[in-house]
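# Okay, here's the prediction I keep looking at, along with the sequence it came from:
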Amino acid sequence: MVHVGTRIGMGSERGRAGIAGLAVLIALLWSGACAAQILNPSFEDTEMREMPPRSLPVDWWLLANHYHFPFTSYCTSDCTSDWPTDGALSLRMQTCVNEYVAPGDYHSYVQAVDLTGVNFIVFDVMLVGDPTWGFSPFEASFLIDGEPLWSETAEGLYPGRLVDVSGYSDLHLIELRLRAVVDYVSLVTMDCSVFWDNLAFCDRPSIIGAYIDVDPDTLNIGCNGKWGKHGKWVTCYIELDEGYDAALIDGSTVFLGDIPAYMGRECWARPEANAANMTDVDRDGIPERMVKFEWDEVEAIVEAPETVVTVGGLLLDGTTIFGGTAVIRVIDKGWPARPPYMCRPPRLPMTWWFYRPFVPPGCGNKK
């Protein structure tokens, strides 16, 4: 983590407001489906500030209180490769180690926005926690006029967060906030950060159905050793409704529940369709798009005897969402409650065949 050391911008909040958010797959998948109409929505326009010098976003107002200094912020390109930024920079809010923080202390950026006729606001956010303690002593939230519409305390990548603003009109303050949720005044010993990017207005996109085939469709869980796992991946084949081509699926937007599809250097793991990730597994003449998910991540969300999972994503046009469900059968071996030998695959019976040795004539054999 990078420590910048600036200590400007702090607020205080008494009590904790309720959280209202949309925890559905569609909300995860609308990132990039809308044209940005918020000033400097990706934090690419910056200006230098002193004490100490750092790059801050223009068109955003930093709330400041100079009695406490547990947080800092700046625009940065210091992100992981998984971060879906659409430019060079993102807004980073960060804790300041060895500073004191009080319950409800927060650090936020606000902007006055006309929400007349706007249905949704979509944004990307990533929470990076301490290697030991995670992110839980702090909370990232999106607010309008001080009312939280989305909030999260768990470390992770959250692309395409969606908030419903259809009930608002005229000018309102949208706010991005990092807040302490500690119970008492504490010394900050954790280096935690929250990254914000890609804010945009959004209308409801079109939605189409999809046929989902998961392979394997039966998972043996509870066997964490040599036996019980049959590979690194859970493979998913996606066939879209009639009239839609699976080759138009953007692989980088596909999720199984909250699990993103693996994207990497392998040809089959590219966002765009190619010969390595297009197939016709059911041989019905309609091609399917293949994506893969980490076995351990899928195993963590399924339960015996079976679990219905939702798979969805965006097409390349950025406005069409597809989605479908599949059933995964789950066999729970119960390890460590059961010994590991119960996780072993069955052994085939061994058959011994004995043959009389052949001895050529004239070598002492009897007739």
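Looks like it arrived, so ask away. Residues are numbered from 1 along each chain as shown.
# Domains in the protein, by residue range?
Following automatic domain parsing, one finds the domains of the chain at 25-202, 206-343.
# would a markdown table of the ones you listed with mean pLDDT and mean neighbour count be doable?
C-beta here means a position set from N, CA and C on the backbone, and glycine is covered the same way. Below are the domains of the chain laid out as a markdown table (pLDDT from 0 to 100; neighbours: other Cβ atoms under 10 Å):
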| stretch | mean pLDDT | mean neighbour count |
| --- | --- | --- |
| domain 25-202 | 83 | 18 |
| domain 206-343 | 85 | 17 |
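# Just list what the longest strand seen in the chain packs against, helices and strands only.
Ranked by residue count, the top strand of the chain under DSSP state E comes out as strand 320-332. On a contact count with 3 or more Cβ pairs under 8 Å, 6 or more residues apart in numbering; DSSP states H and E, strand 320-332 meets helix 25-28, strand 206-215, strand 218-221, strand 233-240, strand 306-314.
# The fourth one - which strands sit beside it in the sheet, and in what orientation?
When pairing is defined by DSSP bridges, strand 233-240 lines up against strand 206-215 (antiparallel), strand 288-294 (antiparallel).
# Skip the chain neighbours and tell me the closest residue to Asp45.
Val58 (4.8 Å; Cβ to Cβ, 6 or more residues apart in numbering).
# Find the residue closest to Tyr244 in space, skipping its chain neighbours.
With sequence-adjacent residues excluded and distances taken as Cβ to Cβ, 6+ apart, Tyr244 is closest to Ile208, at 5.7 Å.
# mind listing what the one you found touches?
Residues in contact with Ile208 (Cβ atoms under 8 Å, 6 or more residues apart in numbering) are 240-241, 244, 320-322.
# what do you get if the cut-off is 6 Å, keeping everything else the same?
Shown in contact with Ile208 (Cβ atoms under 6 Å, 6 or more residues apart in numbering): 241, 244, 322.
# Who is it paired with across the strands?
Going by DSSP bridges, Ile208 forms beta bridges with Phe322.
# Between the two ends of stretch 244-264, how far is it?
The first and last residues of stretch 244-264 sit 26 Å apart, counting by Cα to Cα, to the nearest Å.
# returning to that earlier point: just how off-centre is the longest strand of the chain within its chain?
17 Å (Cα atoms, centre = their mean, to the nearest Å).
# ok, now stretch 241-259?
Remark: stretch 241-259 is offset 16 Å from the chain centroid, using Cα atoms, centre = their mean.
# likewise stretch 47-62?
That offset, for stretch 47-62, works out to 29 Å (Cα atoms, centre = their mean).
# Restricting to C-alpha, output that stretch in CSV.
Extracted in CSV, the C-alpha atoms of stretch 47-62 (Å, rounded to 0.1, in the frame of the first residue of the first chain):
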residue,chain,number,x,y,z
GLU,A,47,-5.4,19.4,-9.9
MET,A,48,-2.4,19.5,-7.6
ARG,A,49,-3.0,20.4,-3.9
GLU,A,50,-0.4,21.2,-1.3
MET,A,51,0.2,19.8,2.2
PRO,A,52,1.6,17.5,0.8
PRO,A,53,1.4,17.7,-3.0
ARG,A,54,-1.1,15.2,-4.4
SER,A,55,-3.5,14.9,-7.3
LEU,A,56,-7.2,15.5,-6.4
PRO,A,57,-10.3,15.4,-8.7
VAL,A,58,-11.8,18.6,-10.0
ASP,A,59,-15.6,19.2,-9.9
TRP,A,60,-15.7,17.3,-6.6
TRP,A,61,-15.9,18.9,-3.2
LEU,A,62,-13.9,17.3,-0.4
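# Which residue, other than its chain neighbours, is closest to Glu306?
For Glu306, ignoring the flanking residues on the chain, the nearest one in space by Cβ to Cβ, 6+ apart is Arg329 at 5.0 Å.
# residues in contact with stretch 244-251?
Stretch 244-251 is contacted from outside by 208, 238, 240, 261, 271, 273, 287-289, 291, 314-316, using Cβ under 6 Å, 6+ apart.
# What separation is there between Leu162 and Gly146?
Distance of Leu162 to Gly146, given as Cβ to Cβ, to the nearest Å: 20 Å.
# In terms of helices and strands, where is Gln37?
For Gln37, there is no host helix or strand (DSSP states H and E).
# er, Thr72 I mean
For Thr72, the enclosing helix or strand under DSSP H and E is strand 71-76.
# That strand - contacts with which helices or strands?
strand 54-57, strand 90-95 (3 or more Cβ pairs under 6 Å, 6 or more residues apart in numbering; DSSP states H and E).
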